[in-house]
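>>> Any chance you can model this:
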Amino acid sequence: MNSDIAVPLSLSRVRRLKVPLQGPLLVALAYLLGAEAAFYIGTLSDQIFALFWPPNVVLFCALMIVPQRDWWLYIVAAFPAHVVAELGVGMPAPQLLVAFATNCMVALLNAYAVRRFVGDPPWFGNFRKASIYIVITAGIAPAVSALGGAFVPILGGGALEDYWIFWSHWYLANALPNLTLGPVFLIWFSDGARWTRWKPSRRHIEPAVLAVALVCVCIVAVAAGRLTTTSFLPAILFLPLPLVLWAAVRFGEKGASGAILVVAVILTWATLHGRGLFPGEDPEHSVLALQLFLTGLSIPVLMLGALIDELRSAERTTRGLAASLVRAQDQERRRIARDLHDSTGQHLIAATLIASRIEKTLPAAAQPALRQLEDMLQQSIREVRTVSYLLHPPLLDEAGLGLALRHYIEGFQERSSIAVELDISPTVERLAPDRELVLFRVVQEALTNISRHSKSPTAQIRLMRERATNGDAVVLTIEDAGKGMPGVRGVRKLIDQKNAPTRGVGLASMRERLRQIGGRLEIDSVVGRTTVRAVLPIREP
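Numbering: from 1, shown residues only. Predicted coordinates:
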């Protein structure tokens with residue numbers, strides 16, 4: 001073989017070998033660090049058996065994101081890390097091998113079953129996926145693997161009659177990390193590269209404060225547990241619950257899993273270091289009780305977080321559909337306006353020209369009818385132009401919002417006999433086309449409501465630029481002196497009124513249009529005055 005060809009081929013083989021090995025080595029390191037963290041959190045009196053075991057979650061998550069044909073590489077890579085970690089605490093070889101076999105079993109069962117029954121990422125975000133994940137990773141897989149894991153402490157000298165206690169410890173030591181660490185890791189992986197571009201901002205203040213508060217409350221709960229009697233134990237155990245629920249409601253599955261992880265780590269560490277919540281109990285039973293409590297707490301909180309995420313996803317979908325509907329409506333309006341102007345309007349103009357041509361050929365008796373026909377054609381032309389302009393004003397695209405509003409208001413005053421005062425601040429510059437269109441539609445809808453419902457003889461429109469703490473905003477205010485909206489306090493109540501569907505739909509349309517571009521709609525209404533205020537933040541280029 002030509003040497004020039006052989007060298008590139010050998011390099012390609014090296015690359016094919018190098019790329020798959022990076023992942024297993026990284027997982028081996030994470031496995032080792034997870035084991036060291038588990039031993040730091042605490043073990044039972046034999047200093048070998050850890051009651052919170054993250055390495056299995058590390059291996060499980062790795063198997064979730066790599067091709068199934070490469071699973072053996074990650075299992076082989078995890079074995080040296082397991083040996084180093086267990087030999088560091090003095091675990092004999094038989095126990096070490098049985099422990100590793102059961103660790104691999106639970107990771108493989110979790111990965112296969114979640115891939116099979118949950119499907120592709122994202123693995124969380126709705127109630128169904130979260131339910132299946134919990135049944136698999138906190139139920140079936142750890143329960144099956146614990147049948148073998150219970151022999152690890154027995155091989156170390158534990159009594160055979162305590163098999164089911166050991167099984168319970170082993171089961172919960174795997175189920176609890178799957179309910180806390182597992183969701184956090186899998187959510188990160190589902191988000192792709194977004195979390196790698198993380199930058200601190202104001203919106204991160206709340207989760208940071210929540211995390212600090214949760215840590216403090218857990219520490220207080222542990223301290224209170226040592227000072228109070230067992231009758232107050234339920235109240236102490238549930239001290240972190242309000243903050244955990246807050247995290248689940250505000251941040252969905254991410255907040256729920258993160259909060260549970262904080263509570264589980266702190267309470268487990270305190271219990272294993274003799275400062276737990278169960279005074280007078282031996283360490284084995286104290287930890288078992290705590291594990292049962294944390295598992296029972298984790299499942300409903302994770303389900304709540306999944307429901308919150310599902311509701312928010314449904315809201316985003318609904319909002320996206322509403323945005324698509326509004327865009328389609330605007331495009332259809334623009335098309336109809338163009339067709340009316342370019343087709344129907346031109347046909348009517350041609351008809352007037354034809355009528356003028358035949359005027360001289362008609363007898364005198366037909367002249368009044370011809371004049372009437374010409375008047376009707378001219379009226380139709382004016383109406384077509386008006387409808388075309390109302391559907392989509394061409395000046396809005398060509399000259400901007402200010403001139404389009406002035407032209408529209410002139411026509412509105414002629415049609416409605418309502419005196420409209422327009423005040424546009426010189427500080428208001430051209431905005432993005434979609435934003436100018438939304439503000440124009442707000443004015444259009446508000447003036448239509450004034451004409452139909454308010455009985456006001458006047459209206460005032462002001463378009464200003466205001467400075468706020470979070471940046472400048474364009475503020476559009478439409479005010480009338482009509483009968484007002486008695487009994488109405490805000491947009492939401494008005495939309496819910498069954499006796500005012502027309503106004504509710506119009507205001508709902510304005511509100512939804514503004515929301516889609518980051519604005520908001522405010523309404524203040526009393527007898528004799530109604531003010532509609534649209535606030536639209538200015539996006540800096």
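>>> what mean pLDDT does the helix or strand residue 376 falls within have?
In this assignment (DSSP states H and E), residue 376 forms part of helix 367-391. For helix 367-391, the mean per-residue pLDDT is 83.
>>> State whether residue 478 is indeed within a helix.
No: assignment of residue 478 by DSSP: H, G, I helix; E, B strand; the rest coil gives strand, placing it outside any helix.
>>> and the closest residue in space to it that isn't next to it in sequence, how many neighbours?
In this structure, residue 478 finds its nearest non-sequential neighbour in residue 446, 4.2 Å apart by C-beta to C-beta, 6 or more residues apart in numbering. (Each C-beta comes from the backbone N, C-alpha and C, glycine too.) The burial count assigned to residue 446 is 26, neighbours taken as other C-beta atoms under 10 Å.
>>> how far off helix 367-391 does the strand or helix carrying residue 446 point, in degrees?
Using DSSP H and E, residue 446 falls within helix 433-449. In terms of direction (axes from the mean of the first three to the mean of the last three C-alpha atoms, to 10 degrees), helix 433-449 departs from helix 367-391 by 120 degrees.
>>> related to what we said a few turns ago, same for whichever helix or strand comes after the helix holding residue 376, what does it pack against?
Counting by DSSP H and E, the element after helix 367-391 in chain order, helix or strand, is helix 394-398. Helix 394-398 is packed against helix 401-416, helix 433-449, with contacts defined by 3 or more C-beta pairs under 8 Å, 6 or more residues apart in numbering; DSSP states H and E.
>>> Which among the ones you listed is found nearest to residue 131?
helix 433-449 (40.4 Å; C-beta to C-beta).
>>> Neighbouring strands - and their directions - for whichever helix or strand comes after that closest one?
Proceeding N to C from helix 433-449, the next assigned helix or strand is strand 458-468, under DSSP H and E. Partners of strand 458-468 in the sheet, by DSSP bridges, are strand 419-424 (parallel), strand 471-480 (antiparallel).
>>> Just the angle for the shortest one relative to helix 401-416, thanks.
So that's strand 419-424. Using the same axes, to 10 degrees: strand 419-424 against helix 401-416 is 180 degrees.
>>> Just the buried residues of strand 419-424, please?
Under the neighbour-count criterion of 16 or more other C-beta atoms under 10 Å, strand 419-424 has 420, 422, 424 buried.
>>> Was I right to think the second one contacts residue 409?
What that stands for is residue 422. Yes: when contacts are counted by C-beta atoms under 8 Å, residue 422 is listed as touching residue 409 (5.5 Å).
>>> Could you name every residue contacting both of these two?
Shared contacts of residue 422 and residue 409 (C-beta atoms under 8 Å, 6 or more residues apart in numbering): residue 461.
>>> quick revisit: wait, what's in contact with the residue nearest to residue 478?
Residues in contact with residue 446 (C-beta under 8 Å, 6+ apart) are 478, 510, 532.
>>> now the nearest residue to residue 136 once chain neighbours are set aside, what's its secondary structure?
If the residues on either side of it in the chain are set aside, residue 136 comes closest to residue 113, at 4.5 Å by C-beta to C-beta, 6+ apart. Put simply, residue 113 is helix when judged by three-state DSSP.
>>> Any idea what the closest residue to residue 422 other than its chain neighbours is bridged to?
Counting by C-beta to C-beta, 6+ apart, residue 461 is the residue found nearest to residue 422 once chain neighbours are left out, at 5.0 Å. With DSSP bridges as the criterion, residue 461 is bridged to residue 422, residue 478.
>>> circling back: please work out which of the helices and strands packed on helix 394-398 is packed deepest.
Highest mean neighbour count of the helices and strands packed on helix 394-398: helix 433-449, a mean of 20 (counted as mean count of other C-beta atoms under 10 Å).
>>> I figured residue 143 was touching residue 174, is that so?
No: judged on C-beta under 8 Å, residue 143 makes no contact with residue 174 at a distance of 9.0 Å.
>>> Compare these two and say which is more crowded by neighbours.
With neighbours defined as other C-beta under 10 Å, residue 143 and residue 174 compare such that residue 174 has more, 28 against 16.
>>> where does residue 158 land in three-state SS?
Here residue 158 is recorded as coil under three-state DSSP.
>>> Tell me the secondary structure of the closest residue to it other than its chain neighbours, please.
Nearest residue to residue 158, sequence neighbours excluded (C-beta to C-beta, 6+ apart): residue 166, at 6.1 Å. Assigned state for residue 166: helix (three-state reduction, three-state DSSP).
>>> Check residue 221 too.
Assigned by three-state DSSP, the conformation of residue 221 is helix.
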